[in-house]
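Peer 1: with the sequence up front, the predicted model follows.
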Amino acid sequence: MSTPREPLRRVVVAGGGQVGVLAALALRRSLPECEVIVIGSQPGPAAFADWSPSAMPFTNKLHDRLGIAEADIITKAGGSYRLVTRYAGWGGGEQQGVLAYGEALDPALKTAFARDWGQVRPLGAGAPPTGSVAQVLAEAGRFAPPPPGEPTPLAAVDYALRWHPAAYRALLIQQAEAAGVRYAEGVIDRVEPGEGDAIRAAGLAGQGLIEADLFIDCTGPQASLLAAHPRFAFTDWSASLPTRHVYLAEPAAPVIALEDRITLIPAGWVTEVAGRDGLHRVLGTAGPLARAEAEALLGVPARAAIALTPGRAAEPWIGNVVALGDAAARFEPLGPLHLDLAHRQLDLLLEMLPGRAISPLERAEYNRRSGLMMEGVHEVLALHFAGIEAQRVFGARVLPGRVGAVIDQFVRRGRIPFREELPLLGQEQYALLVALGWTPGLPPAARHADAAAEARARAAFEADARAALAFAPPYDQWLARTLGANRAPAG
Amino acid sequence: MMSDAPQPVRVVVLGGGTAGWMTAAGIAKLLPDLARVQLVESEEIGIVGVGEATLPHIRGFVEKLGIDEAAFMKATHATFKLGIDFRDFGRIGESYIHPFGSFGEEVAGVGFHHYWLELARHGMARDLGDYSLAVAAAKANRFRPPSQDDSLGSTYGYAYQFDATLFGPFMREFGLGLGIERHEGRVVSVERDAVSGDVVALLLADGRRVIGDLFVDCSGFRSLLLGQELGVAWEDWTHWLPCDRAAAMPCTHATDDLRPYTTATAMPAGWRWQIPLQHRMGNGYVFSSAHITEEQACDAIRASAEGTPLADPRILKFRPGRRAQSWSHNVIGVGLASGFLEPLESTSIYLAQMAITYLIELFPAAAGQIDPRDRAEFNRLVDMEYDRVRDFLILHYNATTRDDSEFWNHVRTMRVPDSLADKLELWRNAGRIEKYSDGLFYDASWIAVYVGQGMLPERHDPRAAMIAPDALARATERLRMAVTGEVATMPGHREYLRAEAARLAEAA
């Protein structure tokens, strides 16, 4: 007869950034009888996940489950919507490409695209043909979040949220406090070993020891708890990921836009995330730059310069310590992968939530799957640096894992091999590779051109795009209306 | 237009069984401009043709080829299949259905089986299958295709049970209609390129020479090209899956019921199948020749048959395992020539179709242009599929308390592959399933077998105990009633087949 495991009685979340607070809230929601305490402080700007102003569509689902309303993020945390990310410069010259979310593209359309664009791609051609309704909307500046569950022309458009990290964190703290999460601020200054691989307690300077059954390390890159463990090991990604220096710009003038940008420049890469509080630019380079040099490239003053050694915890769960965010994996903020990874790992932890006694095999299974997640991020990042233009900037890098095979299959066959726990769906990976300047090959079955099917797919796509455009209001007007309606009455 | 269109790849399929004709038809249909397909078969060589039960994936394959479901079912006397009823596996007298569907639903991120385990602890759990629409419909001998929304009526899939001796000819007919060139004759020797070692041509007994760029070995266990000619090693799995023979004996239906499921009943040295077709009951005993003789198996199948035998028992020989590579040089093995896993979970046709699908995806761009990277990718995918199915089959034997025969003592106590041992331990300790989305058999399948064969975990998720047992019992009871309510609206299996046949006749 199976019995329920003895539930966790107390969980300590070390690190009070947006990753730690969300983890605490999620754990408390999962285990209402369990005491959840956030200890330590908010990690500094080097903790990319904790300061990320954006996530990917997965986070919307997680928010949903945790009762964090999208409308609250929009009205209270400076929230906004991203439909696409535009890549520029990665394929050389004027080449650009757009990555939209979701798995919606009709195979016949993809085939036609691969044939027209891939096989007989005109030399010096500009952008590939539009392949998603999201891109059509983003370029027209029209969007409003579709009412969930209703069959509107926008129902199939997947999107990501952006927000103001400090305001978003404040929103989470409010909910966490309401849910009964406690907070002990201070500096974590020691770790008391427990039985076997476990730790018994974490110490806060001047406040004594705090014991717990499970410790979640959300302290950022220093990984205060996990790295203190004698069995901690770091898997280095330096050979494949070239960025060593990251410069964060002061926010520039606010931008209302449905797209963000990732651009390869001669000095490195620049990302631009549109925000209602300002445009957030980040610059990544291989070598160090003088402040003035970095600021010249960013176009605005820099607020931080961060040195980076990419890699991951070989085992993000050791004993009773589980690392999330930058404590688990350290890599350049080239797109919103940090928070996406942290949230998917948190979701995995919730799925596999242990009891007080942890079985080594469940830890191994967690580490296997979260390892696949981290290596998936590693491989997606490595795709960025595999192209000729990127190699001109950063030098040739080792292609990790299956990256070489993925590019080979894509270029020769237009095929995306399935990979478990990847941050991108097959279709998204296809769009990313095109955006990075790779030209898809034609799948064998597509050599037999079915012009009628392709024309039908194109016509259906165009009808969908027209319907979406007709349905969606101008995004800036919708946003102004929404914020106006939610403004508290004066007085 | 491209003026320098590459020469079509000359594909030679060796073997006119189910695998051979599926391969030939698949390539001819889906790669019409890229391939020219020839098939070599010999009437002197028999066809195994036992694979009578299938998995839901076959529907995608049939649909991709543009074959009409109703016409296909009529031609092969097919019935619908919602799962497999396993009897006497965990313990004599116990049974469970492994459905093409789920059990209950996840609540607050916690799998339904944890709640079920919690209910069982309080003595309030009903049979796990009571919370599965596929199981409940199967038990009631009812069938209707699943709905396309996300209601309860969409929570299952289905496959077919058909006459394999009719399926091969059906595929042959279909393939010949696609312009496949057929050569009747026996292969007497294989011509190879002296430098590359690639196969160049097959020489037939009457002197004909069939030249090709790509050879697909569908010659069954003889594995004429992949095994015999290229000498690709065979990895033997008999120590884990000792069954190596089947005694097949079709019978008449014993009752009016037409089950929408296959039955697998554990026997002292293996198991026996009952596969209901429209016109007869497929029937046979899969056994280990190390534990009983062929005569004993034939006697056992005669003694256990429920209907009137339509033929004498026929013995089939096989061996579980797979080739170290399924694609070597320019030869690809499909079906038994590349690997075999006993039909306990009806995987034979799936494994052939899986290989065909990957071959089409990774097909050479032009004659003489096999890329070693495509070959490696094909082998990686095929190996993964075989290994995952293998572990799942071993589970059916290993998760047992049976100690009534030497056979069961062996499989109960054998050392299982490490990949399976870890899965078992994770289940025992925490009630969790190792998760993957590639390959075959996901959570619900593993849970069906674990629970069905009495292998309950020691511990389950603490969150399942946060709901008061009575409240949990009420919620699951509502679910059960919804299932029985839905089943009550479904037509009988035979009734549904008749209506479909009438619809087809009217349309014609």
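Peer 2: On my side now, so go ahead.
Peer 1: what residue is smack in the middle of chain B?
Peer 2: Geometric centre of chain B, nearest residue: residue B:347, 1.6 Å, by Cα atoms, centre = their mean.
Peer 1: check what pLDDT that one gets.
Peer 2: On pLDDT, residue B:347 comes in at 93.
Peer 1: show me what contacts it?
Peer 2: Applying Cβ atoms under 8 Å, 6 or more residues apart in numbering or on different chains, we find residue B:347 in contact with B:55, B:341, B:389, B:393, B:440. Where you see a C-beta, it was placed from the backbone N, CA and C, and this is true even at glycine.
Peer 1: mind running it again at 6 Å?
Peer 2: Contact analysis of residue B:347 by Cβ atoms under 6 Å, 6 or more residues apart in numbering or on different chains lists B:341, B:389.
Peer 1: cool, and the one 10 residues further on?
Peer 2: Counting by Cβ under 6 Å, 6+ apart, residue B:357 makes contact with nothing.
Peer 1: assumed it was part of a helix.
Peer 2: Yes. Using DSSP: H, G, I helix; E, B strand; the rest coil, the secondary structure at residue B:357 is a helix.
Peer 1: look up how far residue B:356 lies from residue B:242.
Peer 2: Per Cβ to Cβ, to the nearest Å, residue B:242 is found 29 Å from residue B:356.
Peer 1: compare neighbour counts for those two and give me the winner.
Peer 2: residue B:356 (24 against 21; other Cβ atoms under 10 Å in any protein chain shown).
Peer 1: what's the closest non-adjacent residue to that one?
Peer 2: Closest residue to residue B:356 apart from its sequence neighbours, by Cβ to Cβ, 6 or more residues apart in numbering or on different chains: residue B:26 at 4.6 Å.
Peer 1: surely the one you found and residue B:355 touch.
Peer 2: No. Between residue B:26 and residue B:355 there is no contact under Cβ atoms under 6 Å: 10.0 Å.
Peer 1: of the two, which one has the most company?
Peer 2: A direct count of neighbours by other Cβ under 10 Å for residue B:26 and residue B:355 places residue B:355 higher, at 30 against 25.
Peer 1: that one contacts residue B:334, correct?
Peer 2: Yes. Between residue B:355 and residue B:334 there is a contact at 4.7 Å, judged by Cβ under 6 Å.
Peer 1: longest helix of chain A?
Peer 2: Longest helix of chain A, by residue count under DSSP state H: helix A:360-384.
Peer 1: and that helix, how far from the chain's centre?
Peer 2: 14 Å (Cα atoms, centre = their mean, to the nearest Å).
Peer 1: tell me the buried residues in the following helix or strand past that helix?
Peer 2: Counting by DSSP states H and E, the next helix or strand C-terminal to helix A:360-384 is helix A:388-394. For helix A:388-394, burial by neighbour count (16 or more other Cβ atoms under 10 Å in any protein chain shown) applies to A:389-390, A:393-394.
Peer 1: which of the residues in the helix or strand following helix A:388-394 are buried?
Peer 2: Next in sequence after helix A:388-394, counting helices and strands by DSSP H and E, comes helix A:403-413. Residues of helix A:403-413 classed as buried by neighbour count (16+ other Cβ under 10 Å): A:403, A:405-410, A:412-413.
Peer 1: burial of residue A:36, as a residue count?
Peer 2: Residues near residue A:36, counting by other Cβ under 10 Å, number 28.
Peer 1: what bridges to it?
Peer 2: Per DSSP bridges, the residues bridged to residue A:36 are residue A:11.
Peer 1: residues contacting it?
Peer 2: Applying Cβ under 6 Å, 6+ apart to residue A:36 gives the contacts A:11, A:24, A:27-28, A:181.
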